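>>> Sequence and computational prediction follow.
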Amino acid sequence: MKKLTIGIILFLLLVAGAGYFFSGDDGDPLVRKLIEQGKTTDTLVTYDQNGQPQCDGLGVTHVPFGQIISTCGRSWYVTFWGTVITLKDDGGISGHISEAIAQDFQPVLLDRQVTNLPSDYYQAQAGSVYQFGDLFFVFVLQKNVNTPLLDLPADVQTKQSGVLVSGDKGAHWQSFLVYENPVMAGGLAFHVNPIGMFVKENRFFIDVEDGAGAGSGEGQLTRFVLSDDQTSWEIEGCYYYIQEVYDQVDGLWLLDPSDDCLSLTFTE
């Protein structure tokens with residue numbers, strides 16, 4: 001009986017101590033550290049009229065053996081021993097994409113320019129802009145034989161390109177499908193660019209070509225598809241890229257298969 005009583009007291013002390021250790025608000029350095037440890041790429045941050053990140057405040061819910069910490073549309077389960085587990089994304093990119101797919105939307109190419117790319121990029125890299133539901137996307141390009149980018153200085157080679165997404169009509173941009181450039185294959189360096197995005201059979205696709213057509217518009221195309229939970233990219237297939245075929249109605253499905261796929265290194 002005495003051992004049982006001691007065990008109960010120790011357990012209560014542990015609960016009380018853990019509750020104190022993890023308690024705090026958005027100004028608590030420990031909570032901020034835990035939130036950083038639980039970062040996820042599947043979060044769409046919105047901004048207020050002053051350009052500041054807009055969050056739903058910090059919520060701390062005490063549960064057995066830990067807490068649920070939530071802020072900026074994200075939630076984590078934090079155990080007593082400090083493990084951080086991502087629970088869900090609330091109102092993130094996946095939700096916006098799922099909603100647009102459910103409404104049978106297609107990405108629409110817009111006649112607009114983007115002049116506020118993040119500082120990691122040159123403004124001359126901004127290419128095609130698409131709208132999909134309430135999301136905006138911009139292609140960030142590299143100079144190659146198919147994409148001259150005449151406004152980009154000849155000696156400039158940036159390290160990343162791909163597709164950025166915005167949830168506030170283009171006021172701010174964040175990574176969506178971003179990869180390191182150039183891509184090495186067979187001892188050669190290829191500067192690869194996105195060339196199209198579309199939805200088919202409730203799946204979201206982005207095509208990336210390797211610019212290996214020596215100016216003829218031909219080369220290799222790799223088709224990436226977003227996973228069903230909208231959190232990762234998979235290769236759907238590889239094709240010989242012929243621009244004249246690709247630009248036809250439904251031409252992107254008429255390309256001949258190829259054995260050469262791009263192996264991209266994705267970045268956050």
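Looks like it came in fine.

>>> Contact partners for residue 107?
The neighbourhood of residue 107, defined by C-beta atoms under 8 Å, 6 or more residues apart in numbering, consists of 130-132, 137, 197-199. (Glycine included, C-beta is placed from N, CA and C.)

>>> Quick check: of the residues you listed, which lies closest to residue 211?
Looking at the contacts of residue 107 and their distance to residue 211, the nearest is residue 197, at 17.9 Å (C-beta to C-beta).

>>> Check which residues of the helix or strand containing the closest one are buried.
Counting by DSSP states H and E, the element that carries residue 197 is strand 193-200. Buried residues in strand 193-200, counting neighbours by 16 or more other C-beta atoms under 10 Å, are found at 193-199.

>>> swap in stretch 158-171?
Buried residues in stretch 158-171, defined by neighbour count with 16+ other C-beta under 10 Å: 158, 160-168, 170.

>>> Mind listing residues that contact stretch 139-153?
Contacts for stretch 139-153 (C-beta under 8 Å, 6+ apart): 117, 121-122, 124-129, 156-158, 160-164, 178, 181-182, 190-195, 209, 211, 213-215, 217, 219, 243.

>>> cutoff 6 Å now
With contact meaning C-beta atoms under 6 Å, 6 or more residues apart in numbering, stretch 139-153 is reached by 121-122, 124-125, 127-128, 161-164, 181, 191, 193-194, 211, 215.

>>> ok so, going back, among the buried residues of strand 193-200, which one sits closest to residue 248?
residue 196 (12.4 Å).

>>> quick revisit: list the neighbouring strands of the strand holding residue 197 plus their orientation.
strand 203-209 (antiparallel) (DSSP bridges).
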